[in-house]
Structure formats: structure tokens, C-alpha cells
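1. this one's structure only:
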């Protein structure tokens with residue numbers, strides 16, 4: 001690495017490496033010169049603060065001694081002087097359960113449900129108003145109903161809440177988890193000393209005010225919540241209560257996690273108003289009491305490597321606590337967790353290729369856990385964004401939206417306008433958290449290697465060229481304000497070698513017997529997980545580049561390959577809207593961001609801007625320098641986003657098959673999962689037949705996001721039943737988006753609104769030797785789409801005894817009315833939000 005980088009690292013606040021009991025100061029693991037360093041207290045001297053953990057086989061006596069230290073709670077292991085609300089004492093769970101069940105919000109809900117039940121019983125004649133003992137019987141019946149509901153509430157609450165009961169337990173849990181984690185991630189957990197010191201100061205202030213810290217981490221692995229709990233324990237912060245899906249609540253492990261900090265919630269609440277109120281009451285209780293709290297802003301784990309769109313379920317409960325005034329304030333702390341290598345990536349690839357996710361169980365947990373103990377997966381890198389006040393942020397947002405923060409309680413009333421405003425608050429807050437996470441994320445060596453290998457033309461790359469492109473990428477990441485992993489004074493060759501070793505031969509291969517070590521991507525699908533960790537830094541450049549590509553791929557001289565500013569802007573706007581749910585865009589707005597991106601690319605000598613006499617940009621083309629360099633930088637940006645464009649094109653093309661056959665006169669609704677499975681099958685077929693360039697394009701997550709985007713735009717209508725288990729979501733292609741059919745043969749025709757939409761996406765697709773092009777392709781692809789579509793319609797109407805749940809292909813009158821209402825409300829909400837459309 002460059003000398004100035006080493007100087008910057010030496011002048012920056014150091015990192016803390018947590019490896020078992022050992023905490024050491026390390027040179028800062030990323031270079032950032034934008035802010036002055038925070039001085040590290042003199043109490044943190046260089047060198048190990050604690051000894052490494054012993055292993056029973058090699059040092060049995062020392063191992064047993066260490067276990068006894070944890071059990072007895074010697075020194076810091078006692079976990080007695082942490083910052084935050086008191087936890088881990090006998091009676092904690094009972095106290096929390098009583099607080100939830102006695103919450104005014106829950107009492108009101110129980111009373112309301114009892115009234116509703118009494119109304120039903122009166123209507124059915126169980127209670128008669130002409131009975132002379134009516135009032136007494138009604139009061140008695142009401143008491144019985146309320147008592148029954150309260151018993152249910154207590155049982156559900158007890159199953160849901162975290163149980164911080166025993167310090168002896170948490171000491172043992174810390175020791176066990178640290179042993180397991182540091183055997184897999186042998187270089188331990190790295191945190192920034194500057195960020196940790198800042199977090200401790202904020203935590204001390206929050207503790208004085210009785211406020212909670214809400215940790216909102218990124219989510220790529222089950223290791224995420226383990227690493228954050230270990231950090232909080234080792235560095236003296238109160239452990240947060242972690243929101244976890246009840247799919248992990250299986251025998252032995254579920255109880256262990258619940259006593260270590262997990263609260264269990266259902267994956268779907270349905271119309272269970274009692275359960276919804278219980279969750280709200282529990283979150284209110286925690287935030288009112290100043291207990292730290294943790295939930296994953298993305299909902300589930302990212303299977304693609306990049307951040308997922310925010311999920312607003314738990315965030316909505318937190319916002320309601322603040323808006324209602326039941327909670328005065330809470331502190332939000334976005335957290336980024338990065339890995340040299342993620343344990344679960346191989347399983348992610350299997351899921352993305354369409355294999356159903358296997359339900360968690362104890363046997364798989366034990367066998368999977370034992371298999372990773374001998375791995376050398378490098379390190380875990382955890383970064384904490386500067387915490388911010390949730391109350392202050394919400395008040396500022398309301399002011400910007402022309403609302404009086406003092407009237408925030410009125411926003412809890414259920415009106416269409418309030419629903420749209422709450423959605424806007426949630427969306428803005430959710431994407432701010434994701435943006436904060438991206439800002440502090442550190443790009444690991446494995447991500448640099450994966451990005452370079454998947455953005456170069458050719459079969460492989462020599463060591464010298466690999467190092468040159470990684471150096472270029474490091475410079476670009478830093479120029480964009482990103483953070484790059486830094487390993488003290490280790491030369492780049494050693495860092496890259498270490499990254500290749502961690503990735504392993506299953507992901508990156510080396511060709512033997514050549515004049516120079518040459519590397520190639522063995523598993524491009526799995527390697528794309530690491531490439532996607534860098535894409536957020538270059539999404540604006542990527543969109544501009546593939547928009548320019550609509551002209552560049554036509555060939556001819558430089559003048560012929562230039563694109564007008566108007567055409568470029570329109571394509572960038574279209575692609576930005578298309579990928580709204582896929583990427584996190586800068587908040588400056590399209591015009592300002594496009595101008596900034598174009599100037600940046602011009603300064604980097606990638607493009608040339610032609611301006612008119614008034615100084616306004618007229619057209620954009622590749623620079624002479626970029627052409628001489630073989631378009632390597634321009635291609636880099638295109639390669640980053642091409643797999644996503646391919647996937648969107650695939651999803652849109654699959655919609656053609658949802659055009660009903662000519663002979664079909666009634667509305668037939670297709671299961672969403674079946675339609676997406678068919679799109680994935682179409683993609684696999686097209687890839688192997690040479691009509692799709694990237695196998696990553698068939699990944700289930702991106703196809704699902706595309707379908708979600710099509711639903712938002714009204715291209716698809718999706719009906720979601722109240723009970724998803726008994727009736728899965730079904731979809732129907734809007735009549736105005738249906739493709740025309742040949743009246744004689746009934747074949748799909750490459751015409752119409754949907755085809756024009758597909759062609760606009762296709763304009764930015766990669767063309768080359770990996771994919772055949774021409775008129776025959778559209779004919780062949782449409783024929784295949786039509787065949788798969790007909791099979792979908794036939795399957796929807798056919799009786800299948802193998803199906804556990806019978807899905808009706810037609811909507812009932814009640815379902816039709818519900819759908820019309822949902823569509824109407826959605827159109828009104830989009831209008832109130834005033835967002836751009838495709």
C-alpha cells in the first residue's frame with residue numbers, strides 16, 4: 001500500500017482486536033483522513049490485555065482454570081459494572097412479564113376484545129337483554145372472557161420475552177460462544193477504539209436519562225448477533241434484547257438464546273390483534289425502562305451480500321412508541337458487520353437457486369457448528385455509526401413535511417393521510433439507517449478480490465494485474481468516501497494472499513504450471529456475494545455507464561457512440577426507478593446526483609462531456625484516455641450492475657407468459673411462488689442455451705425484488721389472504737400490460753407496452769460472446785415463455801392431490817372487493833408520497 005496510507009493509519013485511532021480473553025491494540029484497519037482521530041486513553045496500553053484462551057487438548061490445566069474464572073466471575077468476567085439498566089438477576093423475567101401484561105395499552109386491547117366477543121354472544125342469543133339478570137350475567141361473562149384472554153396474553157408473553165436471569169449462565173455462555181467463534185474466525189473480532197469510546201460516552205449519558213440504545217445492525221450471518229453480544233459483554237455495555245424469528249426457537253438452542261438475549265416473534269402476525277398489541281407493549285416496556293434493544297433493519301439475512309431494503313415491522317412498533325408519547329426518546333446506533341468470509345454463503349447459493357430453505361433443527365445446528373470449528377475464516381469487523389436521537393430525528397422529519405412535532409400523537413389515528421405520512425417516516429428512517437451502515441462499512445480483502453475477478457474480461461487474471469486492479473479499486477473506494485481494510489504495515493501482496501487463502505480453492509482457483517500465477521473465479525455465484533459488498537459505493541457510476549452503453553454497444557466511431565444528455569438522463573431515471581428496491585441511492589436527488597457523478601467520471605478521465613455555449617452538458621461520450629486503456633474502468637462499472645439488469649430483464653420477460661391464453665375467458669390467479677419458480681426455470685434454461693450472460697441473474701432474491709417492484713407499479717396485482725398458510729399470495733397481470741397474441745396461432749407477439757418495457761431494460765444489457773443476439777432470439781425466447789406460461793395456467797386450474805393446501809385460481813366476491821380496496825389505497829398512497837414511476 002502507498003506510504004501515505006501507512007502514515008494515515010499510524011496517525012489514526014487504533015482498532016481493538018477481541019480474540020477470546022485477549023484484547024490488543026491494532027493499527028487502524030481502515031484508512032480515513034476526513035476526521036481528526038479521537039485520543040485513546042493511556043489505560044489502553046499496547047499489547048494484550050488478557051491472555052489467549054486455552055484449549056483442553058493442548059493445555060488441560062489452564063483450560064480448567066479459565067473455566068473456573070468464568071464460573072466464579074473473576075475480574076471483568078463478573079459483568080457487574082456494565083453501563084446500562086440492571087439485568088441478569090433472579091426474578092427479571094417475572095418482573096418484565098408483569099410489566100407487559102399490566103400495560104395500559106394491553107388492558108385496553110383485552111377490554112376491546114372482550115366487548116367484541118360479548119357482542120357476538122348477544123347476537124347469537126347466548127345473552128338476552130330481556131333476562132332480568134342480564135347485567136349480572138353480562139358482567140360475569142365479561143370477567144370470564146377477560147380472564148381467559150389475560151391467561152393467553154401471559155402465556156404468549158412468557159414465551160416471547162427475553163430472560164436475563166442468571167449471571168452465572170451469561171458468563172458460561174460468553175465463554176462458550178467466544179470459544180466457538182474464535183475457532184472459526186481465528187483472527188477474532190475487530191472494532192474501532194474511537195467508535196467504542198464514543199459509544200460508551202453515549203451509553204453513559206443514555207443510562208443517566210433512562211434511555212435505551214437501539215442497535216440496528218446489518219444482517220449477513222447468524223454470527224451478527226453473537227458478535228455484538230460478545231462485544232457488549234467484553235467492553236462493559238448492557239446486553240441488548242435481540243429480536244429473533246421463532247424459527248430459531250427449537251429445543252435446547254431456543255432456551256439458550258432466550259436466556260442470552262433473544263426475544264421470539266412470529267414471522268407473520270396475520271390479523272392477531274392481541275399478539276400485535278403484546279409485541280407493542282413489550283417494546284414500549286423495554287424502551288420506557290431504558291433496556292438496550294437490537295433488531296435487524298433488513299429483517300432476514302442478506303443472501304446476496306449487499307444490504308436488503310428495510311423491513312418496517314419492528315421499526316413501526318418503535319416509531320409508534322415515540323409518536324404516541326409513551327416513550328420520550330431512544331438512541332439509535334446503526335451497526336455494520338463485515339466478514340472475511342461468511343459461513344453460510346454456500347447454503348445461500350442453494351437457496352437462491354430455488355432449493356427451499358430447510359427448517360432449523362438441533363441436529364443440523366450441532367453438525368453445522370462442529371464442521372466450522374476447524375475453519376480459518378479470518379476476522380469479523382464490527383463498526384458503530386455515531387448514535388443519534390430518535391425523537392430529534394422524527395421531529396426534524398415532521399417539520400420538513402410541514403407537520404407540527406407537538407401534534408405527533410394525532411398521527412397514531414388511522415386515516416389514509418396518516419398512513420401515508422407514517423409510511424414516509426418509516427421509509428425515510430429505514431433508508432437513513434441503511435445509508436449510515438454503508439457509510440461505516442469496511443471493504444474487506446475478500447470483497448476486493450471478488451469484485452476484481454468478476455469485473456474483468458477473460459478467463460483469468462495474472463497476479464501482477466490482480467494487484468494493479470486491486471490498488472486501483474482501493475483508490476476508488478477511498479475517493480468515494482469508503483473504508484478499506486488495512487492490515488498494519490503488511491504489503492498489499494500479503495493482504496491479497498491472505499484473502500485468497502480465506503476464500504479458498506472452491507471459490508478462486510489458480511492455474512498451475514504457467515509463467516505467472518493466474519487466478520480465476522471457480523464459483524462465480526458464491527463469489528458474487530463478496531462483489532456485492534462494494535456495489536453501493538459505485539451504484540451511480542454503474543447506472544451512468546450502462547446508460548451510456550446503450551450507444552457504446554452500437555459500435556462505430558467515438559462520435560457515433562456519444563449519447564445526448566437528455567437520453568442519458570431518461571435512461572438513468574428509468575433504471576434508478578427500476579432498482580428502487582434493490583439499491584440505496586444518494587439522497588441529493590437525481591439531477592444533483594447525476595451532475596456530481598458525471599463530473600466525477602470526467603475528472604477520472606473515464607468520460608468526456610460536451611457542453612454548449614451556455615455551459616450546459618449536451619452529450620456524453622468515452623474519453624480518449626479511457627479508450628486507450630481498453631475501456632477497463634468503464635467496463636468495471638458496467639460489470640458491477642449487469643447481473644442485476646439481466647435479472648430484471650428475466651423477471652420482466654417472464655411476465656409475458658402471464659398473458660392468458662386466447663381460449664381462456666375467466667380470470668385465473670397464479671401463485672406468486674409458482675410464477676417466480678417459473679421465472680427462475682426460464683432463466684436457467686436461457687443461460688444454458690446462451691441467451692443469458694450471467695448465472696447470478698437467476699437468483700431468487702433479485703427475481704422476487706423485481707416482482708415486488710412490478711406490483712408497486714401496478715403491472716401485477718397481488719392478492720394476499722388474511723391467512724397466508726391456508727391461501728398463499730396469488731398474482732394476476734394487469735390487462736393494460738398484457739402482450740398481444742396472434743389471433744390464429746395464439747402465439748405471443750413481441751409488441752405492446754410490456755414488450756417495450758422489456759426492450760428498454762434490454763438496451764442496457766451486456767452483449768458479447770456469452771450471449772447470442774438477433775431477431776431469432778426474441779422469437780425463441782417468447783416461444784419458451786409462452787410454453788411455461790401455459791403450463792402455469794393449466795397447473796393453476798388442475799386438481800393436484802399432492803398439494804397440502806388447495807389454492808383457488810379464482811377470487812371470491814369478498815376477495816375481489818378487498819383487492820379493489822387495496823389497489824385503490826395503494827394508488828392513493830403513491831400519489832400522496834409523490835414518488836417517480838417506471
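-> Everything's here; your move. Predicted, not measured: the structure shown is a model, and the values here were computed from it.
2. contacting residues around residue 89?
-> 164-165, 167 (C-beta atoms under 8 Å, 6 or more residues apart in numbering). No exception for glycine: its C-beta is placed from N, CA and C like everyone else's.
3. could you list which of these belong to helices?
-> Of the contacts of residue 89, the ones assigned to helices by DSSP state H are residue 167.
4. most neighbours of all the contacts of residue 89, which one?
-> residue 164 (24 neighbours; other C-beta atoms under 10 Å).
5. my read is that that one contacts residue 92, right?
-> Yes - if you go by C-beta atoms under 8 Å, residue 164 and residue 92 touch, sitting 4.9 Å apart.
6. count the residues that sit near residue 94.
-> Other residues near residue 94 come to 12 when the count uses other C-beta under 10 Å.
7. wait, residue 115
-> If you count neighbours by other C-beta under 10 Å, residue 115 ends up with 12.
8. I'd assumed it was in a helix, is it?
-> Yes - assessed by DSSP: H, G, I helix; E, B strand; the rest coil, residue 115 belongs to a helix.
9. where's the residue lying closest to it once chain neighbours are set aside, which helix or strand?
-> Distance criterion C-beta to C-beta, 6 or more residues apart in numbering; nearest residue to residue 115, sequence neighbours excluded, is residue 142 at 7.9 Å. Assigned by DSSP states H and E, residue 142 belongs to helix 134-160.
10. tell me the SS of the residue of the chain most remote from its centre?
-> Within the chain, the residue lying farthest from the chain centre (C-alpha atoms, centre = their mean) is residue 132, at 61.1 Å. Under the three-state scheme (three-state DSSP), residue 132 adopts coil.
11. give me the pLDDT for it.
-> For residue 132, the model assigns a pLDDT of 77.
12. need phi/psi at it.
-> Dihedral pair for residue 132: phi -70, psi -20, per degrees, to the nearest 10.
13. do you know how far it is from residue 630?
-> 97 Å (C-beta to C-beta, to the nearest Å).
14. same question for residue 303.
-> Remark: distance between residue 303 and residue 630 (C-beta to C-beta) = 34 Å.
15. so those two - more neighbours on which side?
-> Comparing residue 303 with residue 630 by other C-beta under 10 Å, the one with more neighbours is residue 303, at 22 against 10.
16. wait, the more buried one touches residue 353, no?
-> No - using C-beta under 8 Å, residue 303 is not in contact with residue 353; the gap is 10.5 Å.
17. mutual contacts of these two, please.
-> Both residue 303 and residue 353 are contacted by residue 699, under the criterion C-beta under 8 Å, 6+ apart.
18. and residue 600, how many neighbours?
-> Residue 600: 16 neighbours (other C-beta under 10 Å).
19. got it, and residue 230?
-> Neighbours of residue 230 under the rule other C-beta under 10 Å: 24.
20. so who does it touch?
-> For residue 230, the contact set (C-beta under 8 Å, 6+ apart) comprises 18, 174, 177-178, 181, 189.
21. pLDDT check: weakest of those?
-> Of all these, residue 18 carries the smallest pLDDT score, 74.
22. skipping its backbone neighbours, what lies nearest that one in space?
-> residue 189 (4.4 Å).
23. from residue 129, how far off is that neighbour?
-> 67 Å.
24. more neighbours: the two, which one.
-> residue 189 (25 against 8).
25. what sits against that one?
-> Applying C-beta under 8 Å, 6+ apart to residue 189 gives the contacts 17-19, 181, 227, 230-231, 379-382.
26. now with 10 Å, please.
-> Going by C-beta atoms under 10 Å, 6 or more residues apart in numbering, residue 189 touches 16-19, 23, 178, 181-182, 223, 226-228, 230-231, 234, 337, 379-382.
27. need phi/psi at it.
-> Residue torsions, per degrees, to the nearest 10, at residue 189 are phi -110, psi 130.
28. show me what it bridges to in the sheet.
-> Beta bridges link residue 189 to residue 18, residue 380 when assigned by DSSP bridges.
29. residues of stretch 311-329 that come out buried?
-> By neighbour count with 16 or more other C-beta atoms under 10 Å, stretch 311-329 contains the buried residues 311-323, 326-327, 329.
30. which residues sit in contact with the residue positioned nearest the centre of the chain?
-> Nearest residue to the geometric centre of the chain (C-alpha atoms, centre = their mean): residue 308, 2.6 Å. Counting by C-beta under 10 Å, 6+ apart, residue 308 touches 218-220, 296-302, 434, 581-582, 701, 705.
31. now do 8 Å
-> Residue 308 touches 219, 298-300, 302, counting by C-beta under 8 Å, 6+ apart.
32. in the stretch 301-450 of the chain, which spans are strands?
-> Under the criterion DSSP state E, counting those that start in this stretch, the stretch 301-450 of the chain carries strands at the ranges 331-339, 380-384, 388-389, 442-443.
33. could those be laid out in a markdown table, adding mean pLDDT and mean neighbour count?
-> Output for the strands of the stretch 301-450 of the chain, formatted as a markdown table (pLDDT from 0 to 100; neighbours: other C-beta atoms under 10 Å):
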| stretch | mean pLDDT | mean neighbour count |
| --- | --- | --- |
| strand 331-339 | 96 | 23 |
| strand 380-384 | 93 | 25 |
| strand 388-389 | 97 | 16 |
| strand 442-443 | 94 | 24 |
